[in-house]
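S.K.: This is the structure alone, sequence omitted:
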């Protein structure tokens, strides 16, 4: 059966075109993360070498400040680089996921000939509106993706904390605290509940999970709408 014949039988197959382009959109972020992380490591090492060289040359003269005192501002500045990178990239990744989820729903609306859009539905946020749209308007069962969805809602909470509260977790629900505690690459300060993204591996894993959810959602739509 030709592609045209397949599309005539199930026009939702055209959603596969969206899936193909996810790599083109998210892979540059992965590459940027790796490259920038390596640059930061290089800068951190340079500062360490400066301190080491200074301390070696000053010998034991107590009147001359230690290397850390001399380069304290550089130490402090470079110490913030990872946090700035990881937090900003988390927001970028999650924002792109929201955009792609909305685009997926808008495409399904065109295929179905529906004037109703995700934004027309009630919901806590963009992704909640999108899921409601797929389940309630398209009448596609996404229950098999509930585990993935629950994890994504945790990422939404983290996103809100980073975007609106300087990374401090307002939601003290035990489930989100347990999630952070048990997720590799995430941590939260015991006293302030400020979230820390510890490495780029977490962010790359985040991309993979979000893309997998989008792909799986497309598969569910194609499968269930094609059988109607």
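M.R.: Looks like it came in fine. Worth saying up front: this structure is predicted, and the values here are computed from it rather than measured.
S.K.: This structure: helices as residue ranges?
M.R.: Secondary structure of the chain (DSSP state H): helices at 3-9, 16-58, 67-70, 72-112, 126-132, 146-164, 174-182, 200-226.
S.K.: could the ones you listed go into TSV alongside mean neighbour count and distance to residue 194?
M.R.: Glycine gets a C-beta too; all of them are placed from N, C-alpha and C. Below are the helices of the chain laid out as TSV (neighbours: other Cβ atoms under 10 Å; distance: least, Cβ to Cβ, whole Å):
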stretch	mean neighbour count	distance to residue 194
helix 3-9	10	50
helix 16-58	14	20
helix 67-70	15	25
helix 72-112	17	10
helix 126-132	20	24
helix 146-164	16	8
helix 174-182	13	11
helix 200-226	18	16
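S.K.: okay, those in JSON lines with distance to residue 192 and mean pLDDT next?
M.R.: Converted to JSON lines, the helices of the chain look like this (distance: least, Cβ to Cβ, whole Å; pLDDT from 0 to 100):
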{"stretch": "helix 3-9", "distance to residue 192": "54", "mean pLDDT": "73"}
{"stretch": "helix 16-58", "distance to residue 192": "24", "mean pLDDT": "93"}
{"stretch": "helix 67-70", "distance to residue 192": "25", "mean pLDDT": "89"}
{"stretch": "helix 72-112", "distance to residue 192": "14", "mean pLDDT": "95"}
{"stretch": "helix 126-132", "distance to residue 192": "27", "mean pLDDT": "93"}
{"stretch": "helix 146-164", "distance to residue 192": "11", "mean pLDDT": "96"}
{"stretch": "helix 174-182", "distance to residue 192": "13", "mean pLDDT": "92"}
{"stretch": "helix 200-226", "distance to residue 192": "20", "mean pLDDT": "95"}
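S.K.: Nearest to residue 119 among those would be which one?
M.R.: Of all those, helix 126-132 sits nearest to residue 119, with 6.4 Å by Cβ to Cβ.
S.K.: hang on, the earlier thing: in a markdown table: the helices of the chain, plus distance to residue 118.
M.R.: Formatted as a markdown table, these follow (distance: least, Cβ to Cβ, whole Å):
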| stretch | distance to residue 118 |
| --- | --- |
| helix 3-9 | 24 |
| helix 16-58 | 15 |
| helix 67-70 | 53 |
| helix 72-112 | 5 |
| helix 126-132 | 4 |
| helix 146-164 | 15 |
| helix 174-182 | 25 |
| helix 200-226 | 13 |
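S.K.: Now do the contacts for residue 203.
M.R.: Going by Cβ atoms under 8 Å, 6 or more residues apart in numbering, residue 203 touches 33, 86, 89, 90, 93, 185, 197.
S.K.: hmm, which two among the residues you listed are most spread apart?
M.R.: Spanning the widest gap among these are 93 and 185, at 13.1 Å by Cβ to Cβ.
S.K.: ok, back up a step: quick check: of the contacts of residue 203, which lies closest to residue 6?
M.R.: The closest of these to residue 6 turns out to be residue 93 (Cβ to Cβ; 32.5 Å).
S.K.: ok, back up a step: which one of the contacts of residue 203 is nearest residue 164?
M.R.: Using Cβ to Cβ, residue 90 comes nearest to residue 164 of the contacts of residue 203, at 13.4 Å.
S.K.: isn't the closest one right next to residue 162, touching?
M.R.: Yes: at 6.1 Å, residue 90 counts as touching residue 162 under the criterion of Cβ atoms under 8 Å.
S.K.: Ignoring the adjacent residues along the chain, who's closest to residue 163?
M.R.: Once flanking residues are discounted, residue 163 sits nearest to residue 91: 6.0 Å by Cβ to Cβ, 6 or more residues apart in numbering.
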